[in-house]
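K.L.:
model this:
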Amino acid sequence: MMEEILKAIGTSAVVPIASIAVAGYAITMLTGLHRTKSQQRTEFLGLWKGVEQMDDMALEVATRHLCGTYLPAGVIRRICASDHCADGIFQVAQLWPLYQYDPVGRTVVWAKSRYATAKGLAVTSFLHTLGYFLLALSAVGFLVAAVSGGPKSLFAWICGVNSVLFVFLAFIFLSKAETFTLAKKEGARWLERLTGGNGSEHSSATAPNK
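P.N.:
Numbering: from 1, shown residues only. The predicted model follows:
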């Protein structure tokens, strides 16, 4: 059966078809992650009732289950004290890797000094977006090289594997670019709310030695 298929499509098409199939699977997985976020919001609305009555552990576990990110209970309660609790939690969960939390003082600051300014966030977002396009173009280049090499060439198979790898890396960079773009728009506002002070005092606060 496999021999008949190869005769029908030609052996030169094996590498590109395999690369496209794996790349398609990777894209399907990434698309599924975006759909999962929408499903998580729906689950959130169904499960998130009586937040005031939930103990800290239940609150943190539920948020970790829904968002995939650990958030301290105190931070969650501050978010839910504002409007649009569900969207707020998902936004802060996405921004959380850019923050640093002090459990003793219960304060939240930027993890790195370059995150404290809109310019720094814009530049970082741009660099990740640029990286996404460069990686995507590299993936296409590796795919072309794989097609040109043919199925009997080890170089062609290496290029095919690299093409798939670069697709994964490209979408990772795209995801990070989206996070930094969100941080530029909403990061300082959430930092102010989570710290409980005024924007001018806390929006530029950063962790020590960063």
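
K.L.:
For the rest of this, base every contact and every neighbour count on C-alpha atoms.
P.N.:
Will do.

K.L.:
What residues of the one helix or strand Val92 maps to count as buried?
P.N.:
Assigned by DSSP states H and E, Val92 belongs to helix 85-95. Of all the residues in helix 85-95, those buried under the rule 16 or more other Cα atoms under 10 Å are 85-86, 88-95.

K.L.:
Now do it: which elements does it pack against?
P.N.:
helix 14-47, helix 73-80, helix 154-182 (3 or more Cα pairs under 8 Å, 6 or more residues apart in numbering; DSSP states H and E).

K.L.:
Can you pull out the low-pLDDT segments for this structure?
P.N.:
Along the chain, the parts satisfying pLDDT under 70 run over 1-53, 196-210.

K.L.:
rerun that using 50 as the cut-off
P.N.:
Residue ranges of the chain with pLDDT under 50: 1-3, 5-6, 8-11, 198-202.

K.L.:
Would you agree Asp102 is in contact with Val108?
P.N.:
Yes: with contact defined as Cα atoms under 8 Å, Asp102 counts as touching Val108 (6.4 Å).

K.L.:
Counting neighbours, go ahead and name the busier of these two.
P.N.:
Taking other Cα atoms under 10 Å, Asp102 and Val108 do not tie; Val108 has more neighbours (25 against 10).

K.L.:
For the next helix or strand after the helix holding Val92, buried residues please.
P.N.:
Of the helices and strands lying after helix 85-95 in sequence (DSSP H and E), the nearest is strand 99-102. Under the neighbour-count criterion of 16+ other Cα under 10 Å, strand 99-102 has 99, 101 buried.
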